[in-house]
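[1] Give me a 3D structure for the following:
(chains A, B, C and D)
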Protein chains: 2
Amino acid sequence: MLSKKTKYALHALTYLGKHRENKTVLIQDIAEEHGISHKFLENILLELRKAGYLGSKKGKGGGYYLIKEPKDIPLSRVIRLLDGPIALLPCVSLNYYEPCAECKDEAHCGINKVMIQVRDETLKILENKSLQDILDEE
Amino acid sequence: MLSKKTKYALHALTYLGKHRENKTVLIQDIAEEHGISHKFLENILLELRKAGYLGSKKGKGGGYYLIKEPKDIPLSRVIRLLDGPIALLPCVSLNYYEPCAECKDEAHCGINKVMIQVRDETLKILENKSLQDILDEE
DNA sequence: TATAAACCCTATAAAATTTATAGACAATAT
DNA sequence: ATATTGTCTATAAATTTTATAGGGTTTATA
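    You can find the predicted model right below:
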């Protein structure tokens, strides 16, 4: 399951995607819309900005806005950013690889091999779904 | 990522699958093979037995053994049993459904709709990979 | 029939992670 | 000037995961 962080990130991105005509959107507005903590959301939006998905403007009249096209924000990226690996095991993660302590010989581990296949197929799904797909459904 | 519980379960199932000629296998043997806690693994094997994947025999000469064909143990089942939902959000889980607090109107939530698609495609993968596939790779 | 081996079961503790909060700081419009 | 709004880092609270503990029950076998 996705963490609340990722879930809130998706809601925030969706909200921003639906309000692209506005120059900026307040954290507060998104937080209120979904009944989530302003401060918690703040940290999430900050991460999204640092990752290059959002722009921001400080001071009165400030706020956040999307700086990428919704079609260029795949779910895989959002999940990796906030939740970490998409792979089911550390030993098959492309971006967060770590060996599994309990595995003596990764090269001959059937679990490893199968999980690589699962990872590749899962990635295909999550790379092909983007914020645009979410917006299209709203 | 899978929990250690699920990961250990997969290792145990693999071990049992590779030792089907033996009548029984000791918890201790599996635990030692992978350097994991005997007691922790005990609880996991118990769950696998209660779920109908393993049989056990008490007393001297006892132990665990597979009672299902490896091809009839899909990854989806093992993951659900030990880790819970496969769906990325509670609101799209088939087996562990719960509404999302921050979502006002599930029927018109694009995130919900897209996650249903992701769930269905993910399920296809995990239902089609079984313990047999792991064994075939060893 | 005594004994040791092995799983059964429930409870609890420890560790790690996730979720949430706090508060001082910086930029900007008016 | 002042109020507004994002920035950033630290810490606390809550939850979940991981691990341990220990007394049962069953069974083979000497």
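[2] May I have the residues that are in contact with A:Ala31?
    Contacts for A:Ala31 were tallied using CB atoms under 8 Å, 6 or more residues apart in numbering or on different chains; they are A:37-38, A:41. Any C-beta I mention is one placed from the backbone N, CA and C, and that applies to glycine too.
[3] oh sorry, the question was meant for A:Gln132
    A:69-71, A:73.
[4] now do A:Lys71
    Residues near A:Lys71 by CB under 8 Å, 6+ apart: A:130-132.
[5] same thing with A:Arg119?
    With contacts defined as CB under 8 Å, 6+ apart, A:Arg119 is in contact with A:86-88, A:92-94.
[6] Pull up the gap between it and A:Lys71, please.
    Using CB to CB, to the nearest Å, we find A:Arg119 at a distance of 24 Å from A:Lys71.
[7] got it, and A:Gly35?
    Separation of A:Gly35 from A:Lys71 (CB to CB): 29 Å.
[8] repeat for A:Leu41
    24 Å.
[9] so is A:Lys113 in a helix, a strand, or just coil?
    Under the three-state scheme (DSSP: H, G, I helix; E, B strand; the rest coil), A:Lys113 adopts helix.
[10] when you scan the helix or strand where A:Ile30 lies, is anything in it near DNA strand D?
    Element membership for A:Ile30, per DSSP states H and E: helix A:27-34. Yes: Helix A:27-34 comes into contact with DNA strand D (CB under 7 Å from any atom of the strand), by way of A:27-28.
[11] Buried ones in that helix, by neighbour count?
    By 16 or more other CB atoms under 10 Å in any protein chain shown, the buried positions in helix A:27-34 come out as A:27, A:30-31, A:34.
[12] Out of those, flag the one nearest to DNA strand D.
    A:Ile27 (4.1 Å; CB to the nearest atom of the strand).
[13] Distance of the residue in chain A that DNA strand C sits nearest to relative to A:Thr24?
    In chain A, no residue comes nearer to DNA strand C than A:Gly59, which is 2.5 Å away by CB to the nearest atom of the strand. According to CB to CB, A:Gly59 and A:Thr24 sit 11 Å apart.
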